[in-house]
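# A predicted structure for the sequence below; I have some questions about it.
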Amino acid sequence: MNKDVFEDWKRANAETLEEIRLSAHELHASVNQHYDNQPYGVHLDMVAQSVYDYGYEVCPEACDLLPLFFGAYYHDSIEDARLTYNDVMKLARRWMGQGQALVAAEIVYALTNDKGRTRSERAGERYYAGIRTTPYAPFVKLADRIANFTYSASHNDASNIHMRSVYAREMPHFLSAIDAHSDDPRLSLPQQMLRRCEMGNGE
């Protein structure tokens, strides 16, 4: 998608995007979920920022932009806010048609961790295979990781220092695991985002 077209679309849809954003914030607040003692919306906004910055690089059609933004804001809604897949579909239908809602729900579903006792069990090969085959899921997952390591890099308490080392250790495998090696732009990873990961390496 042309960047100028993308910027025009964001301006034209700013009110709808803000409604989606506030709805996602309210959902996580309703289950008393926080992000390092801050409102969980802090994390959601950081993830969505990558869509604001780079969404045009992965989105060939304007009709997929609302689902992509929705997927970013709601990416943790099944895993952490007790929604079902059907709940996500119904929510998405507030702002988009059935086909678009399906794209949005599939992003959220793909980013929902599997059941597991450990971090590696919750994000195993089956989980990553689902991400690699779902349009826009690799992009949103990369945005999620960038948000997490950027936040941890800016806070020097023990928990965030620990997570910086975890992200640094995981980064090579993580990038390999979400790379679909596809010519489909909907499965692609913007080079500027990859450079952020390589330069920061989670530290």
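Received the coordinates, thanks. Predicted, not measured: the structure shown is a model, and the values here were computed from it.
# which residues of the chain score low on pLDDT?
The model of the chain has pLDDT under 70 over residues 156, 160, 200-203.
# roughly how far does the spatially most central residue of it sit from Thr134?
Using Cα atoms, centre = their mean, the residue of the chain that lies closest to the mean C-alpha position is Val140, 3.3 Å off. Counting by Cβ to Cβ, to the nearest Å, the gap between Val140 and Thr134 amounts to 9 Å. Where C-beta positions appear, they are placed from N, C-alpha and C, glycine not excepted.
# for Glu121, same thing?
In terms of Cβ to Cβ, Glu121 sits 20 Å off from Thr134.
# identify the contacts common to Val140 and Thr134.
Ile107 (Cβ atoms under 8 Å, 6 or more residues apart in numbering).
# more neighbours: which of Glu121 and Thr134?
Thr134 (22 against 12; other Cβ atoms under 10 Å).
# how about the strands of the protein, start to end?
34-35, 38-39 (DSSP state E).
# partner strands of the last one, with direction?
Just to be clear, that refers to strand 38-39. strand 34-35 (antiparallel) (DSSP bridges).
# and the contacts of the strand it pairs with?
Tyr40, Gly41, Val42, His43, Tyr151.
# could I get those residues as JSON lines with distance to Tyr127?
Listed next are the contacts of strand 34-35 as JSON lines, based on distance: Cβ to Cβ, whole Å:
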{"residue": "Tyr40", "distance to Tyr127": "21"}
{"residue": "Gly41", "distance to Tyr127": "25"}
{"residue": "Val42", "distance to Tyr127": "24"}
{"residue": "His43", "distance to Tyr127": "19"}
{"residue": "Tyr151", "distance to Tyr127": "22"}
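# for the residues you listed, which two are the farthest from each other?
Gly41 and Tyr151 (12.8 Å; Cβ to Cβ).
# quick one, which of those two is more surrounded?
Gly41 (21 against 17).
# and that one, how far from Phe149?
On the measure of Cβ to Cβ, Gly41 and Phe149 end up 19 Å apart.
# regarding the chain, what is its longest helix?
Scanning the chain for the helix with the most residues, using DSSP state H, yields helix 158-178.
# which strands and helices sit next to that helix?
helix 125-132, helix 137-153, helix 191-200 (3 or more Cβ pairs under 8 Å, 6 or more residues apart in numbering; DSSP states H and E).
# winner for burial among these?
Mean neighbour count (mean count of other Cβ atoms under 10 Å) peaks for helix 137-153 among the helices and strands packed on helix 158-178, with a mean of 22.
# could you list every helix and strand in contact with that one?
helix 41-58, helix 65-73, helix 98-110, helix 125-132, helix 158-178, helix 191-200.
# now the farthest one out in this protein, which residue is it?
Ala158 (25.3 Å).
# check contacts around His25.
Here His25 is in contact with Pro39, Tyr40, Gly41, Leu44 (Cβ under 8 Å, 6+ apart).
# separation between the first one and Gln33?
So the one you mean is Pro39. Applying Cβ to Cβ, the value for Pro39 to Gln33 is 9 Å.
# report the contact partners of the residue nearest to the centre of the chain.
Val140 touches Val47, Val51, Leu68, Gly71, Ala72, His75, Ile107, Leu111, counting by Cβ under 8 Å, 6+ apart.
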